[in-house]
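Colleague: Let me see the structure of the following:
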Amino acid sequence: MDLAGSIVVMEKFLTKFDFIDRIIAERSSTKGLTQDSRDFLMISRCLVTVVGEDYIQGLIQQKQYD
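Modeller: Take a look at the predicted model:
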């Protein structure tokens, strides 16, 4: 993936990260996930393999205090 593609992926992740509660609710509903939510979950899985689950948990906790 080139630099421009990487920036777009991370921008998409950070934008959707602000709506993580909605994505979790959407995932538990009987309706299907939107394409953006599926992309977010895929990016999250990839990030967890790179930086670890603790890092993502830290981001979620930090978001609660912002």
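
Colleague: Flag the shaky bits of this protein, pLDDT-wise.
Modeller: Per-residue confidence for the chain (pLDDT under 70) gives these ranges: 1-10, 14, 18, 63, 66.

Colleague: Alpha carbons of the longest helix along the chain, as PDB, please.
Modeller: Looking across the chain with DSSP state H, the single longest helix is helix 35-51. C-alpha atoms of helix 35-51 as PDB (Å, rounded to 0.1, in the frame of the first residue of the first chain):
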ATOM      1  CA  GLN A  35     -19.600  -1.000   4.500                       C
ATOM      2  CA  ASP A  36     -17.900   1.700   6.500                       C
ATOM      3  CA  SER A  37     -18.500  -0.300   9.700                       C
ATOM      4  CA  ARG A  38     -17.100  -3.500   8.100                       C
ATOM      5  CA  ASP A  39     -14.100  -1.500   6.900                       C
ATOM      6  CA  PHE A  40     -13.600  -0.200  10.400                       C
ATOM      7  CA  LEU A  41     -13.700  -3.600  12.000                       C
ATOM      8  CA  MET A  42     -11.300  -5.000   9.400                       C
ATOM      9  CA  ILE A  43      -8.900  -2.100  10.000                       C
ATOM     10  CA  SER A  44      -9.300  -2.700  13.800                       C
ATOM     11  CA  ARG A  45      -8.400  -6.400  13.500                       C
ATOM     12  CA  CYS A  46      -5.300  -5.500  11.500                       C
ATOM     13  CA  LEU A  47      -4.300  -2.800  14.000                       C
ATOM     14  CA  VAL A  48      -4.700  -5.200  16.900                       C
ATOM     15  CA  THR A  49      -2.300  -7.600  15.300                       C
ATOM     16  CA  VAL A  50       0.300  -4.900  14.900                       C
ATOM     17  CA  VAL A  51       0.000  -2.800  18.100                       C
END
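
Colleague: who touches it?
Modeller: With contact meaning Cβ atoms under 8 Å, 6 or more residues apart in numbering, helix 35-51 is reached by 9, 12-13, 16-17, 23, 26-27, 33, 55-56. Backbone N, C-alpha and C define where each C-beta goes, glycine included.

Colleague: Nice, that's everything, thank you.
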